[in-house]
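[1] only geometry, no sequence info:
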């Protein structure tokens, strides 16, 4: 049975490994252990004896937050784990007063199924681009911007 909960320090190595697997394929940005420790409070994990899914909610601006670092162990894909994580992150964000969510993704169909719509990156505030400066794909980002209000 899958259990969903906020991440703890004990989860960092497993979160790192899960994200690194997708990052090595160019499907998401890598996260260092240091970054994971600094942003640990943003993460929700799905656990079944081990971490099988992860996602984060990053507050970026007034009433604006990013759903990021979404990864599900390939052995557990297509079981609703990613959807459940996103729903938990949206619920948490709404509880904080977030009115608009966005994501930058290579999986637009997944986010579309959760109510997100494709938008242009230019519609998002410049504040969100501070993380992009460290991206190896900057300034030629090929991720798809999506929003949910």
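    Looks like it came in fine. A quick note: this is a predicted structure, and the numbers were derived from the prediction, not measured. Numbers count the residues shown, from 1 in each chain.
[2] only C-alpha atoms for contact and neighbour calcs from this point on.
    OK.
[3] wait, residue 31 sits on residue 22?
    No: if you go by Cα atoms under 8 Å, residue 31 and residue 22 don't touch, sitting 10.8 Å apart.
[4] all strands of this structure, in order?
    Counting by DSSP state E, the segments of the chain that form strands are 3-6, 43-47, 51-61, 64-72, 100-105, 117-118, 144-148.
[5] As a markdown table, those strands with mean neighbour count would be great.
    Below are those laid out as a markdown table (neighbours: other Cα atoms under 10 Å):
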| stretch | mean neighbour count |
| --- | --- |
| strand 3-6 | 15 |
| strand 43-47 | 23 |
| strand 51-61 | 22 |
| strand 64-72 | 23 |
| strand 100-105 | 22 |
| strand 117-118 | 17 |
| strand 144-148 | 20 |
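[6] mind putting the ones you listed in a markdown table, mean pLDDT and distance to residue 17 included?
    What follows is those, written out as a markdown table (pLDDT from 0 to 100; distance: least, Cα to Cα, whole Å):
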| stretch | mean pLDDT | distance to residue 17 |
| --- | --- | --- |
| strand 3-6 | 98 | 17 |
| strand 43-47 | 98 | 13 |
| strand 51-61 | 96 | 10 |
| strand 64-72 | 96 | 10 |
| strand 100-105 | 94 | 19 |
| strand 117-118 | 96 | 29 |
| strand 144-148 | 93 | 24 |
